[in-house]
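**Q** model the structure of this input:
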Amino acid sequence: MKRVVSISLGSSKRDSTSQVEILGVKFEVARIGTDGSIVRFAELMRKYDGKADAITLGGIDRYLWIDDKKYTIKDADRLAKIAKIMLSDIKEGLFLKEIEFEISQELIEKIAELGFDPEFGAREMRRVVQENIENSIAKALLSDKIKAGDKIEIDPQTFEVKTLV
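**A** Just a heads-up that it's a prediction; the model follows:
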């Protein structure tokens with residue numbers, strides 16, 4: 001029997017094993033989640049290397065590098081698109097206040113990373129945007145740090161509002 005193992009950074013609650021027959025060949029197919037643990041991910045890779053006929057990898061890395069070629073992983077790309085839409089909604093609201101919001105690719109990727117939950121996918125992203133982006137902007141507005149005519153950006157590491165010249 002051939003063995004296929006899918007190792008995922010996602011939730012272990014969705015782990016499963018099944019057997020199928022394709023063109024007369026029997027396969028055991030297993031999905032193993034690591035609940036976001038990269039250490040466990042590496043342990044499972046070592047455990048099944050050479051023992052499984054095929055190993056697939058799941059997670060939220062945006063890119064996979066093989067030699068000098070970069071491949072975009074669609075789920076992570078989809079999360080980044082969702083983050084960009086959420087940030088664009090904020091940008092539109094600030095535009096109405098005559099404040100220009102520059103959205104960096106680093107900020108989009110940080111929100112996508114923080115907003116991903118191994119069990120629930122992108123549902124957590126709304127909370128991450130509220131707590132980190134909207135709250136920072138609200139505090140800056142209330143303290144008069146930013147005002148009409150300003151151009152701002154958000155630091156993707158600290159979520160601090162910065163005024164651009």
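
**Q** so where's this protein uncertain?
**A** Along the chain, the parts satisfying pLDDT under 70 run over 59-67, 69-76, 117-123.

**Q** mind splitting it into its structural domains?
**A** 2-59, 74-164 (automatic domain parsing).

**Q** from the middle of its chain, how far away would the longest one be?
**A** If I follow you right, that is domain 74-164. Remark: domain 74-164 is offset 15 Å from the chain centroid, using C-alpha atoms, centre = their mean, to the nearest Å.

**Q** same question for the shortest one.
**A** Average the C-alpha atoms of domain 2-59, do the same for its chain, and the two points are 21 Å apart (C-alpha atoms, centre = their mean).

**Q** thinking again about what came up before, can you put the domains of the chain in CSV and add distance to Asp68 and mean neighbour count?
**A** Any C-beta I mention is one placed from the backbone N, CA and C, and that applies to glycine too. CSV is the format used below for these (distance: least, C-beta to C-beta, whole Å; neighbours: other C-beta atoms under 10 Å):
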stretch, distance to Asp68, mean neighbour count
domain 2-59, 20, 14
domain 74-164, 20, 16
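
**Q** following element in sequence after the longest strand seen in the chain, please.
**A** Longest strand in the chain, counting residues (DSSP state E): strand 25-33. As assigned by DSSP states H and E, the chain's next helix or strand after strand 25-33 is helix 38-48.
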